[in-house]
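J.: Prediction below, plus the sequence it came from.
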Amino acid sequence: QVQVVESGGGLVQAGGSLRLSCAASGPTVQYYALGWFRQAPGKEREFVAAINWSGGSTDYADSVKGRFTISRDNIKNTVYLQMNSLKAEDTAVYYCAAAANVIPRDPSSVKNDYWGQGTQVTVSS
C-alpha cells in the first residue's frame, strides 16, 4: 500500500514558477513509479509527467514538455514537479499518483488508492 500527499500549490502570475512536492509513504515506495496529473474545471483529468522508480526515465505531456521538470529523491521518498513559464491554461488541481511499474497516461488506469488529494495551482494572466 502506498500513500501520496501533495503540497506546494498556490497562485502565481503567468510566466512565473512553482514547485510541487509529493511525499510518498509505504513499505516499498522507493520502487514505485510516481507521476503527476491535473484536472481543470469542466475538463477530464489528464497526464502531466511521470518518473520511474530510479529517476532514470521520465515522460511528459507535450503541453508541458520543456517547461516542467519531474524529479525524485528516494531518500526523502518525494517526487517534485518544477513548473516554469506557467500559463493560464496550466490552472488546475494537480494530483500525484503512484504505480507499481509504470505510470499510465490514462488516469483511469491508476488504482483508486494510489491518488493524492490534490493541490490547486492557479495561474493569473
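T.: Great, that's in hand. Numbering: from 1, shown residues only.
J.: Break down this structure into its strands, ranges please.
T.: 3-7, 10-13, 18-25, 33-39, 46-51, 58-60, 68-73, 78-83, 92-99, 119-124 (DSSP state E).
J.: Out of those, which is closest to Asp106?
T.: Within those, the stretch nearest Asp106 is strand 46-51; the backing value is 7.6 Å (CB to CB). Using the backbone N, CA and C atoms, a C-beta is placed for each residue, glycine as well.
J.: So which of the strands of the chain is the most surrounded?
T.: Ranked by average neighbour count under the criterion mean count of other CB atoms under 10 Å, the strands of the chain are headed by strand 33-39 at a mean of 24.
J.: How far does that one sit from its chain's centre?
T.: 4 Å (CA atoms, centre = their mean, to the nearest Å).
J.: Check stretch 40-56 too.
T.: Between the mean C-alpha point of stretch 40-56 and the mean C-alpha point of its chain there is a distance of 5 Å (CA atoms, centre = their mean).
J.: what about dumping the CA coordinates of it to CSV?
T.: As requested, C-alpha coordinates have been extracted for stretch 40-56 and formatted as CSV (Å, rounded to 0.1, in the frame of the first residue of the first chain):
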residue,chain,number,x,y,z
ALA,A,40,-9.0,21.8,-14.8
PRO,A,41,-12.6,22.9,-14.1
GLY,A,42,-15.0,21.2,-16.5
LYS,A,43,-12.3,19.0,-18.0
GLU,A,44,-11.1,15.5,-17.6
ARG,A,45,-8.1,14.6,-15.6
GLU,A,46,-5.0,14.5,-17.8
PHE,A,47,-1.5,13.2,-17.6
VAL,A,48,1.3,15.7,-16.9
ALA,A,49,4.5,13.9,-16.1
ALA,A,50,5.9,10.6,-14.7
ILE,A,51,9.2,9.2,-13.4
ASN,A,52,10.3,5.7,-12.9
TRP,A,53,11.5,4.3,-9.6
SER,A,54,15.2,5.1,-10.2
GLY,A,55,14.6,8.5,-11.7
GLY,A,56,16.3,7.4,-14.8
